[in-house]
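Peer 1: Next come a sequence and a model predicted from it.
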Amino acid sequence: MDTLQNMRVFARVIEAGSFTAAAQSMNSTTGAMSRAVSELEAHLRTRLMNRSTRRLALTSAGERYLKRVLQILADVDGAEEEASGAHEHPSGTLRMFSFASVGQHYILPAIAKYRALHPDVKVELTLSQRMPDLFEGSSDVAVVSAGTLSDSEVISHRLGSTFSILCASPDYIDARGTPATPADLANHDCLTLQTPAFPAREWTLEGPQGRETLQISGPVQVNIAESLVVAIREGMGIGMLPLYAAIDGLRNGSLVRVLPQHTLQHTNLFALYASRKFVDAKTRTWVEFLRAHLPDVIARDEALLKEITQQQASGKGAAPSEKKARASR
């Protein structure tokens with residue numbers, strides 16, 4: 001019996017959620033996956049998981065065993081990578097996790113530039129709104145946004161900081177007017193964004209008069225910034241958007257900035273990876289690349305926002321094509 005291979009099968013089955021999905025990812029068969037786990041259970045003389053036609057569930061012994069298996073596999077992979085030169089030359093598959101909006105606006109463009117430097121690295125990017133568990137073994141590196149990070153065993157590198165702004169559509173502003181102060185938001189439809197980092201229905205604005213926290217009650221709430229962009233663009237109300245999600249709409253005139261002297265939700269971007277004995281070259285070089293690349297991208301967006309805000313204040317905020325389209329409606 002190949003115990004190490006059976007460990008890999010067991011871990012992959014749990015990660016994939018089914019024998020069939022695990023078989024597809026390992027280019028094997030469902031029967032082979034099931035036999036490998038059965039052999040492992042027979043060798044250990046204990047049941048690792050309960051199986052049914054609908055789901056798999058780890059037993060208490062299986063939960064304890066999985067934690068040790070993941071650490072063993074990480075050490076074995078690290079030793080093989082070190083011996084094969086992977087710690088010197090970036091190669092292989094880099095499994096990344098990112099919050100959805102950060103991934104779309106910052107990480108995917110960064111991947112293109114990184115792979116131009118390191119073409120031997122393939123990338124598997126998972127986008128989600130949940131905070132990942134790097135010790136479960138499904139990701140090598142995660143990029144998340146948060147005000148601060150709690151104490152953890154993971155290694156973290158701060159990549160930069162950004163913030164959110166309030167936006168509306170030109171049509172909404174034409175119909176409902178422009179709020180002049182944060183208190184005026186009580187007379188407007190406010191759209192909310194649910195994220196892991198901040199409460200959706202509480203906006204903390206920072207402006208010339210200091211910090212002011214408002215409790216928001218709005219008609220629509222979403223959990224992805226790009227969906228909120230659509231809701232705002234359709235004239236449903238005023239919404240708070242991360243700068244990176246708002247910048248394209250501000251640039252083409254489909255969004256306008258509201259209360260331009262105020263910012264919200266100042267947050268940090270972090271790269272995280274599990275602490276382990278071996279950090280391969282692809283992980284190391286990817287984190288180093290992000291630390292050098294992202295601050296420049298964030299600074300570019302902030303400079304563009306400043307320029308657009310100044311144009312909006314002087315009555316030149318909408319792009320010519322957007323102004324023409326609005327005039328024809």
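Peer 2: Thanks, I have it. Just so you know, these numbers come straight off a predicted model, no measurement behind them.

Peer 1: ok, residue 194 - how many residues close by?
Peer 2: Using other CB atoms under 10 Å, residue 194 is surrounded by 14 other residues. All C-beta spots, glycine's among them, are computed from the backbone N, C-alpha and C.

Peer 1: How about the contacts made by it?
Peer 2: 200, 221, 222, 223 (CB atoms under 8 Å, 6 or more residues apart in numbering).

Peer 1: Try it again at 10 Å.
Peer 2: When contacts are counted by CB atoms under 10 Å, 6 or more residues apart in numbering, residue 194 touches 129, 200, 201, 221, 222, 223, 224, 228.

Peer 1: correct me, but the second one touches residue 129?
Peer 2: No - contact criterion CB atoms under 10 Å: residue 200 and residue 129 do not qualify, at 11.8 Å.

Peer 1: Compare these two (neighbour count), which wins?
Peer 2: More crowded of residue 200 and residue 129, by other CB under 10 Å: residue 200, with 16 against 13.

Peer 1: if we can go back for a sec, buried only: go through the contacts of residue 194 for me.
Peer 2: Neighbour-count burial (16 or more other CB atoms under 10 Å) is assigned, among the contacts of residue 194, to 200, 221, 222, 224, 228.

Peer 1: picking that back up, so what's in contact with residue 200 and residue 129 at the same time?
Peer 2: Residues touching both residue 200 and residue 129 (CB under 10 Å, 6+ apart): 194, 223.

Peer 1: returning to what we had before: between the buried ones among the contacts of residue 194, which sits nearest residue 18?
Peer 2: residue 224 (26.6 Å; CB to CB).

Peer 1: so what's that closest one closest to, chain neighbours aside?
Peer 2: residue 100 (5.5 Å; CB to CB, 6 or more residues apart in numbering).

Peer 1: Just put the contacts of residue 194 in JSON lines and tack on pLDDT and distance to residue 305.
Peer 2: Listed next are those as JSON lines, based on pLDDT from 0 to 100; distance: CB to CB, whole Å:
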{"residue": "129", "pLDDT": "74", "distance to residue 305": "24"}
{"residue": "200", "pLDDT": "73", "distance to residue 305": "23"}
{"residue": "201", "pLDDT": "85", "distance to residue 305": "25"}
{"residue": "221", "pLDDT": "92", "distance to residue 305": "25"}
{"residue": "222", "pLDDT": "92", "distance to residue 305": "22"}
{"residue": "223", "pLDDT": "88", "distance to residue 305": "24"}
{"residue": "224", "pLDDT": "89", "distance to residue 305": "21"}
{"residue": "228", "pLDDT": "95", "distance to residue 305": "17"}
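
Peer 1: From the residues you listed, pick the one nearest residue 40.
Peer 2: Distances from residue 40 to those, taken by CB to CB, are shortest for residue 129, at 34.1 Å.

Peer 1: For residue 222, see how far away that closest one is.
Peer 2: With distances taken as CB to CB, to the nearest Å, residue 129 is found 11 Å from residue 222.

Peer 1: now do residue 173
Peer 2: 21 Å.

Peer 1: can you tell me which helix in the protein is longest?
Peer 2: What stands out as the longest helix in the chain, according to DSSP state H, is helix 281-313.

Peer 1: Give me the pLDDT for residue 180.
Peer 2: If you check residue 180, the pLDDT there is 94.

Peer 1: hmm, which helix or strand of the chain has the shakiest average pLDDT?
Peer 2: The helix or strand of the chain with the poorest confidence is helix 320-328; it has a mean of 39 (mean pLDDT, DSSP states H and E).

Peer 1: Please list all residues in contact with the residue of the chain most remote from its centre.
Peer 2: For the chain, the residue at maximal distance from the C-alpha centroid (CA atoms, centre = their mean) is residue 45, at 40.7 Å. Not one residue lies near residue 45 by CB under 10 Å, 6+ apart.

Peer 1: Now it. Its backbone dihedrals?
Peer 2: Here is the backbone geometry of residue 45 (degrees, to the nearest 10): phi 60, psi 40.

Peer 1: Report the secondary structure state of the closest residue to residue 103 other than its chain neighbours.
Peer 2: What sits nearest to residue 103 in space, not counting adjacent residues and going by CB to CB, 6+ apart, is residue 127, at 4.6 Å. Using DSSP: H, G, I helix; E, B strand; the rest coil, the secondary structure recorded for residue 127 is strand.
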